[in-house]
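J.: Predicted model follows, preceded by the sequence.
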There are 2 protein chains.
Amino acid sequence: MTRSDQTLSAVPDKPTASTAPMPDIALIELVFFGYRDFVGEPDRVLARYGFGRAHHRVLHFVNRRPGLTIAALLDILGITKQSLARVLKDLIEGDFVEQRAGADDRRQRLLHLTPKGTALATELAERQGRRIAEALAEAGPESRETIARFLMGLIERDERDHIRAMITKKFP
Amino acid sequence: MTRSDQTLSAVPDKPTASTAPMPDIALIELVFFGYRDFVGEPDRVLARYGFGRAHHRVLHFVNRRPGLTIAALLDILGITKQSLARVLKDLIEGDFVEQRAGADDRRQRLLHLTPKGTALATELAERQGRRIAEALAEAGPESRETIARFLMGLIERDERDHIRAMITKKFP
DNA sequence: TGTGATATGTCAACATCACTGACATATTTT
DNA sequence: AAAATATGTCAGTGATGTTGACATATCACA
C-alpha cells in the first residue's frame, strides 16, 4: 500500500525478489520496442493495400516456399482455417496469390505468388532486411552469429531444430 | 508464370534483385519466431486471468513508473483512450491496478499496482527475464551490449534517444 | 470571478484478426 | 463402395484496436 511495495522490477529493493534473479528490464523493453518498429514499417506499406500483418505472413511464407499447400501454411502460421481463409481471399482477389491444383494430388491447392505478389513480398523483405542490416551495423561487424544465437535462444527449445531447418532450407 | 519468377528472397536468382542487397531472410524469420515465443510465455500466464497482451503492457509500464498518469501511459503505449479504458477497467476491477487522485493536480488519476498487480507483473518480468538470460547465455558471455545495440538499431532513429532515456531511467 | 484549457471518462459504431463448431465438396486411398 | 483427406464455407464470438463526439472535474489565468 505504501510506496515501498511498488517494487521497481529493474532494481527490486530486496524483500520479494531476493531469491529470484533480477530481470533485465532494459533488454525486455528493447525487444518490445525493437519488434514494434521492425513490423511497423511493413505495416505502413501493407496499409496502402488494405492489408495487415496476417497478409504479410502469408506473402512471406508463400514467397519462401512456392507451391506450399494450405495445410502446410496453416501449420507454419499456427492459425485456423477460417482465419487464413479471409486473408487468402483478399490476396487472391487482389491478384497477389494464385492457387494451382496439385499435379499428383488434385485436392491440394498449391499456393504461388503472382508477379504482383512477388513484388510486394520483395519490397517488404527488402525493407526489413535493410533495417536488420542497419541494426547489425550498429551492433558491430562480427555480430551476426551472436545475434542469431540470441534470437534462437528466445525460441522454445523443442522448436529450435524445426525452425533451424526451416530458415536454412532452400525451397525450389 | 513459370517457376523461374518465384524469386526466392533469400537467394534471388539475379533478375529482379540484382541491384538491391539481399535481405537476410534467416534473421528476419528469427526475429519473428523469437518474438513469438518471447511473448508466448507471458500470454499463457495472462490467459489464466482472462488477460491479454494489452493488459501485460499496462502492468509492465505501471510497474516501471508507479504514479504514471493516464496521459503518459497513452503516450507510451501509442493507443487511444478507448482502447486503454477497457483494459484498465479489467485491471482495476480485478484489483491489479488502482488509481489515486494527483496530490498537486486532482484531475489526474495516478496509476499504481496493488500487491496483487505487483505479483503478476513480477512473475511476467521474471519469466521474460529468464528467457532473455538464457538467450544471452546461448549468444555468449560478452554479448549483452552487442544485443542491446542491435535491438536499439531496429528502432526508428528519431525515437532512440527517447527510448534510451526511458529504459535507463529509474522511477521512484 | 469567470472563462478557457486540460485530464479523464464514456457512448456509439466500426475494423481486423483471431477463435470454435459444424457441415459441404472433391478427390484419393483402401 | 467406403473411409480418409484437403479444402471451402457458414454462423457466431472475443480481444484489441480505431474514430468522433460529448460530459465532467479541475486548474490556470486575465
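T.: Now that the structure is in, tell me what you want to look at.

J.: Run through the helices of chain A in chain order.
T.: All helices of chain A, identified by DSSP state H, fall at A:25-47, A:53-64, A:70-77, A:81-93, A:115-139, A:144-154, A:160-168.

J.: Can you say which of the ones you listed is nearest to residue B:98?
T.: In terms of C-beta to C-beta, the element of the helices of chain A nearest to residue B:98 is helix A:25-47, at 22.2 Å. Using the backbone N, CA and C atoms, a C-beta is placed for each residue, glycine as well.

J.: quick one: that closest one to helix B:53-64, angle?
T.: 140 degrees (axes from the mean of the first three to the mean of the last three C-alpha atoms, to 10 degrees).

J.: Contacts only, for the residue of chain A found nearest DNA strand C.
T.: Across chain A, the shortest distance to DNA strand C (C-beta to the nearest atom of the strand) belongs to residue A:52, at 1.5 Å. Going by C-beta atoms under 8 Å, 6 or more residues apart in numbering or on different chains, residue A:52 touches A:43, A:46, A:87.

J.: returning to that earlier point: I'd like the helices of chain A laid out as CSV, including mean pLDDT and mean neighbour count.
T.: CSV is the format used below for the helices of chain A (pLDDT from 0 to 100; neighbours: other C-beta atoms under 10 Å in any protein chain shown):
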stretch, mean pLDDT, mean neighbour count
helix A:25-47, 93, 19
helix A:53-64, 95, 22
helix A:70-77, 94, 15
helix A:81-93, 94, 15
helix A:115-139, 96, 19
helix A:144-154, 97, 21
helix A:160-168, 91, 14
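
J.: and of those, who's closest to residue A:107?
T.: Evaluated over the helices of chain A, closeness to residue A:107 peaks at helix A:70-77, with 10.0 Å, by C-beta to C-beta.

J.: Quick one: residues contacting the residue sitting nearest the centre point of chain A.
T.: Computing the C-alpha centroid of chain A and ranking residues by C-alpha atoms, centre = their mean puts residue A:57 first, at 6.9 Å. Taking C-beta under 8 Å, 6+ apart as the criterion, residue A:57 is in contact with residue A:77.

J.: ok, back up a step: the helices of chain A into JSON lines, with extra columns for distance to DNA strand D?
T.: JSON lines is the format used below for those (distance: least, C-beta to the nearest atom of the strand, whole Å):
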{"stretch": "helix A:25-47", "distance to DNA strand D": "11"}
{"stretch": "helix A:53-64", "distance to DNA strand D": "11"}
{"stretch": "helix A:70-77", "distance to DNA strand D": "3"}
{"stretch": "helix A:81-93", "distance to DNA strand D": "4"}
{"stretch": "helix A:115-139", "distance to DNA strand D": "16"}
{"stretch": "helix A:144-154", "distance to DNA strand D": "21"}
{"stretch": "helix A:160-168", "distance to DNA strand D": "18"}
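
J.: mind giving me TSV with those helices and columns for distance to residue B:64?
T.: Compiled in TSV, the helices of chain A are given as follows (distance: least, C-beta to C-beta, whole Å):
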stretch	distance to residue B:64
helix A:25-47	7
helix A:53-64	26
helix A:70-77	33
helix A:81-93	33
helix A:115-139	24
helix A:144-154	21
helix A:160-168	31
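
J.: Check whether stretch A:78-97 comes near chain B.
T.: No: Stretch A:78-97 lies out of reach of chain B by C-beta under 8 Å from any C-beta of the partner chain, never closer than 8.5 Å.

J.: Which residues of chain A lie near DNA strand C?
T.: Within chain A, the positions lying close to DNA strand C (C-beta under 7 Å from any atom of the strand) are A:50-55, A:78-83, A:86-87, A:105-107.

J.: go with 6 Å
T.: Residues of chain A lying close to DNA strand C (C-beta under 6 Å from any atom of the strand) are A:50, A:52-55, A:79-80, A:82-83, A:87, A:105-107.
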